[in-house]
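In: Dropping the sequence and predicted coords here.
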Amino acid sequence: MLRKPAQKAADDGITLLMNQAPDAMTWDVADAAAPAEGFTLVFGGGLKTDNMRVGRFVGVPGPKLRRHTIWSRLYSWGLFLGAGFLWLLKHRRAKVLIVYSNPPLLPLVALAARWLWGVRYSVIVYDIYPEALATVAGLNQANWLVRLWQMANKVAYARAQMIVTLTSGMADMLNRTCNPSGKQRVRIAIVPVWVDLVRLQPMSKAQNWFAVEHGQVEKLTVMYSGNTGRAHDIRPVLDAAIALRDHRSIHFMIIGMGEGWEVARRVSTERALENITVLPWQPTEVFPYSLASSDVSIVSTRPGTEWVMFPSKTASAMAIGAAIIAITGAQSPIRSLIEQYDCGVWVDCGDFEGLVAALLHYRQNRALLDRHKAASRRAAEEEFSKQRNLARLMALIH
């Protein structure tokens, strides 16, 4: 039941959490991080309720992340940083703060709170900046802006109680910036993403209303579900759809938002592609059904981004038992995961012909597809358990 939190609750009896793009994992952390006799106050981008308590956390709306262009993204980052600092000023008596790397300069706001009011903070790094921005924008790592940003990160991370990131490659990248001499001045730990394995489960298409409604029961459904920003390369998926337009038994679904999603919508219209369905983000209650409509899930990243990010869509797709086709660099941890569990196919960046061949092979070999789908679910259970990974995170930042 929703209710207003007690106004007289002291700020030192709450945990503060900040994330401009809160997702299901954010709410899991907020709930788990709440003090025994208090709650977590979440400053999140685009929240629709103000100061309403849900269980053990309270959502406070902040400026929404605008993903459409790099300029809208930068503008919304600036708005969130300014509003976030004023929010922290209001709650400066709090003693515990958890910030995410969204927006990327948010750790600097946490650092200011540490210097001004003594707030202890931890940082959860989903994407490593400025390296991610430099990679997609083609900036040299020696660029003065990149170096200045790295220096600022080093100072902010050095004052944090703990830095948590998602993969060993990302931890190595952070260590090169923050601990260049090998001395562990900055504490960096690895906790993989997680999913709710009860909420996201394999589902028969014939029993899935979303698959029935969109005519996917008898199709090989190839899905890209999630953000399609500059770090995600949607072009090979579109090229494969064009190449396979006469194969009526293979259908592509692109669900989400971002620059790549806009490209997909335009290309499908201009080319009159009947084998592509492009849909916006689905409501929370629809998501388990839309995702479970897929036989094959595409995870696509641009070259060089394998060390600075890990698409969480990978875990969700594995949870519903989709075979994974990863279009990534050769050193990607997603490739390693697929090969470890034999739950899909790796395709090199930009190789749409390799993608076409993999999809045709799945269409012709149902036994292989079923084996990869079952292995994908097993991988999710072993690698992305909410119970295990959330507990590990809490042990680190509490």
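Out: The structure has been received and is ready for your questions.

In: Give me the secondary structure label for Ala272.
Out: coil (DSSP: H, G, I helix; E, B strand; the rest coil).

In: Tell me how many other residues surround it.
Out: 7 (other Cβ atoms under 10 Å). Quick note: C-beta positions are derived from backbone N, CA and C, even for glycine.

In: pLDDT value on it, please?
Out: Note on Ala272: pLDDT of 94.

In: the domain parsing of this structure - what is it?
Out: Domain assignment of the chain by automatic domain parsing yields the ranges 11-195+386-397, 205-383.

In: Show me how far the first one is from its chain's centre.
Out: Okay, so that is domain 11-195+386-397. Its chain's average C-alpha position is 13 Å from that of domain 11-195+386-397, according to Cα atoms, centre = their mean, to the nearest Å.

In: pLDDT weak spots in the stretch 101-250 of the chain?
Out: Scanning the stretch 101-250 of the chain for pLDDT under 70 picks out 137-139, 182-184.

In: residue boundaries of the helices in it?
Out: In the stretch 101-250 of the chain, the segments counted as helices under DSSP state H, counting those that start in this stretch are 106-117, 131-137, 144-158, 168-178, 209-213, 235-243.

In: Tabulate those helices in TSV, adding columns for mean neighbour count and distance to Ser290.
Out: Shown next, in TSV, are the helices of the stretch 101-250 of the chain (neighbours: other Cβ atoms under 10 Å; distance: least, Cβ to Cβ, whole Å):
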stretch	mean neighbour count	distance to Ser290
helix 106-117	19	30
helix 131-137	20	27
helix 144-158	16	36
helix 168-178	18	28
helix 209-213	16	5
helix 235-243	21	17
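
In: of all those, which lies closest to Asp342?
Out: helix 168-178 (20.9 Å; Cβ to Cβ).

In: other SSEs contacting that closest one?
Out: In terms of contacts (3 or more Cβ pairs under 8 Å, 6 or more residues apart in numbering; DSSP states H and E), helix 168-178 is packed against helix 144-158, strand 163-165, strand 188-190.

In: mind giving me TSV with the helices of the stretch 101-250 of the chain and columns for distance to Glu381?
Out: Compiled in TSV, the helices of the stretch 101-250 of the chain are given as follows (distance: least, Cβ to Cβ, whole Å):
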stretch	distance to Glu381
helix 106-117	32
helix 131-137	29
helix 144-158	33
helix 168-178	21
helix 209-213	23
helix 235-243	27
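
In: looking at those helices, which is closest to Val308?
Out: Short answer: helix 131-137, nearest of the helices of the stretch 101-250 of the chain by Cβ to Cβ, at 4.2 Å.

In: Can you tell me what sits against that closest one?
Out: 70, 104, 139-141, 143, 146, 173, 230-231, 302, 304-305, 307-309 (Cβ atoms under 8 Å, 6 or more residues apart in numbering).

In: give me that answer again for 10 Å
Out: Here helix 131-137 makes contact (Cβ atoms under 10 Å, 6 or more residues apart in numbering) with 70, 73-74, 101, 104, 126-128, 130, 139-143, 145-146, 149-150, 153, 170, 173-174, 176-177, 229-233, 301-309.

In: Redo the helices and strands packed on helix 168-178 as JSON lines? Include distance to Val198.
Out: Output for the helices and strands packed on helix 168-178, formatted as JSON lines (distance: least, Cβ to Cβ, whole Å):
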{"stretch": "helix 144-158", "distance to Val198": "35"}
{"stretch": "strand 163-165", "distance to Val198": "24"}
{"stretch": "strand 188-190", "distance to Val198": "25"}
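
In: end to end, how far does stretch 124-133 reach?
Out: Distance between the two ends of stretch 124-133: 18 Å, counting by Cα to Cα, to the nearest Å.

In: no, scratch that, I was asking about stretch 62-71
Out: 19 Å.

In: Then stretch 320-336?
Out: 20 Å.

In: Ser312 touches Tyr126, doesn't it?
Out: Yes: because the distance of 7.8 Å satisfies Cβ atoms under 10 Å, Ser312 is recorded as touching Tyr126.

In: Please enumerate the shared neighbours of those two.
Out: Common neighbours of Ser312 and Tyr126 (Cβ under 10 Å, 6+ apart) are Asp23, Met25, Leu166, Val193.

In: so where do the helices sit in the stretch 251-398 of the chain?
Out: Applying DSSP H, counting those that start in this stretch to the stretch 251-398 of the chain gives helices spanning 259-270, 287-291, 313-319, 333-341, 352-364, 366-383, 386-397.

In: I'd like to know which of those helices lies nearest to Thr40.
Out: Between the helices of the stretch 251-398 of the chain, helix 386-397 lies closest to Thr40; by Cβ to Cβ that is 11.9 Å.

In: what helices or strands is that closest one leaning on?
Out: Packing contacts for helix 386-397, counted by 3 or more Cβ pairs under 10 Å, 6 or more residues apart in numbering; DSSP states H and E, involve helix 24-33, strand 96-100, strand 120-125, strand 163-165, strand 188-190, helix 313-319, helix 366-383.

In: residue contacts, Trp77?
Out: By Cβ under 10 Å, 6+ apart, Trp77 lies in contact with Gln20, Gly45, Pro63, Leu65, Arg66, Asn102, Pro103, Pro104, Leu105, Leu106.

In: List only buried entries from those residues.
Out: Burial by neighbour count, judged by 16 or more other Cβ atoms under 10 Å, picks out Gln20, Gly45, Pro63, Leu65, Arg66, Asn102, Pro103, Pro104, Leu105, Leu106 from the contacts of Trp77.

In: Could you dump the contacts of Trp77 into TSV and include distance to Ala326?
Out: Conversion of the contacts of Trp77 to TSV gives the following (distance: Cβ to Cβ, whole Å):
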residue	distance to Ala326
Gln20	27
Gly45	29
Pro63	33
Leu65	25
Arg66	28
Asn102	23
Pro103	27
Pro104	25
Leu105	30
Leu106	29
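
In: So what does His247 have for phi and psi?
Out: Dihedral angles of His247 (phi, psi; degrees, to the nearest 10) stand at phi -90, psi 90.
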